[in-house]
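[1] When you get a sec, could you give me coordinates for this:
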Amino acid sequence: MEIASLQEIKSELKACSPEQLVNLCLRMAKFKKENKELLGYLLFSAEKETEFIKNAKLQMDTEFTSLNSSQMYLAKKTLRKALRSVNKFIRFSNSVNVEAALLLHFCFKLKSSGLSMIENSVVGNIYAQNYKKMNAAINKMHEDLQYDFRDTITKLNL
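    This next block holds a predicted model:
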């Protein structure tokens, strides 16, 4: 089966009736969980960015409460799971503000988790990588927002 280009899909969607579009979206949402989550975000949360960030941070907090710091294997596994969720939220929003806010919260939670980044290089690398991503996102923002985020970073001693 040959995969159509986005331009071809766009032209076909323009030719569809509204009822056909609804049916296509519902069928696509039934096919994969991530498609359903993205559609839910676009319909219900895309306009409420601050509420979306708040809910994403709450979910991240619950994932960090289940962090097993006594066994590093399980701790790393939980960190990767939380990071997958964060990256999914960032992909959904496609916003630099959301990316910076979520990565800042992730780095703060990781730093305050009590896991040793010096003894365990994997945890240190996860932190360093996401810290770089956060700074890159902050650099793409407006200067006033950059100042606010950098001020928050210095207050948190990241």
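[2] Please enumerate the helices of the chain.
    6-15, 18-31, 33-40, 49-65, 72-93, 96-111, 121-139, 143-156 (DSSP state H).
[3] Which strands or helices does the helix or strand bottoming out on mean pLDDT in the chain pack on?
    The helix or strand of the chain with the lowest confidence, counting by mean pLDDT, DSSP states H and E, is helix 143-156 at a mean of 83. On a contact count with 3 or more Cβ pairs under 8 Å, 6 or more residues apart in numbering; DSSP states H and E, helix 143-156 meets helix 96-111, helix 121-139. No exception for glycine: its C-beta is placed from N, CA and C like everyone else's.
[4] and of these, who's closest to Asn68?
    helix 121-139 (13.0 Å; Cβ to Cβ).
[5] Can I get the closest one in PDB, CA atoms only?
    Taking Å, rounded to 0.1, in the frame of the first residue of the first chain, the C-alpha atoms of helix 121-139 are listed here in PDB:
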ATOM      1  CA  SER A 121      25.200   8.400  35.000                       C
ATOM      2  CA  VAL A 122      21.900   7.500  33.300                       C
ATOM      3  CA  VAL A 123      19.900   9.800  35.700                       C
ATOM      4  CA  GLY A 124      22.600  12.500  35.200                       C
ATOM      5  CA  ASN A 125      22.300  12.200  31.500                       C
ATOM      6  CA  ILE A 126      18.500  12.400  31.500                       C
ATOM      7  CA  TYR A 127      18.700  15.500  33.600                       C
ATOM      8  CA  ALA A 128      21.400  17.100  31.500                       C
ATOM      9  CA  GLN A 129      19.600  16.300  28.200                       C
ATOM     10  CA  ASN A 130      16.300  17.800  29.400                       C
ATOM     11  CA  TYR A 131      18.000  20.800  30.900                       C
ATOM     12  CA  LYS A 132      19.500  21.500  27.500                       C
ATOM     13  CA  LYS A 133      16.100  21.000  25.800                       C
ATOM     14  CA  MET A 134      14.600  23.400  28.300                       C
ATOM     15  CA  ASN A 135      17.200  26.100  27.600                       C
ATOM     16  CA  ALA A 136      16.800  25.700  23.900                       C
ATOM     17  CA  ALA A 137      13.000  26.200  24.300                       C
ATOM     18  CA  ILE A 138      13.500  29.200  26.500                       C
ATOM     19  CA  ASN A 139      15.800  30.800  23.900                       C
END
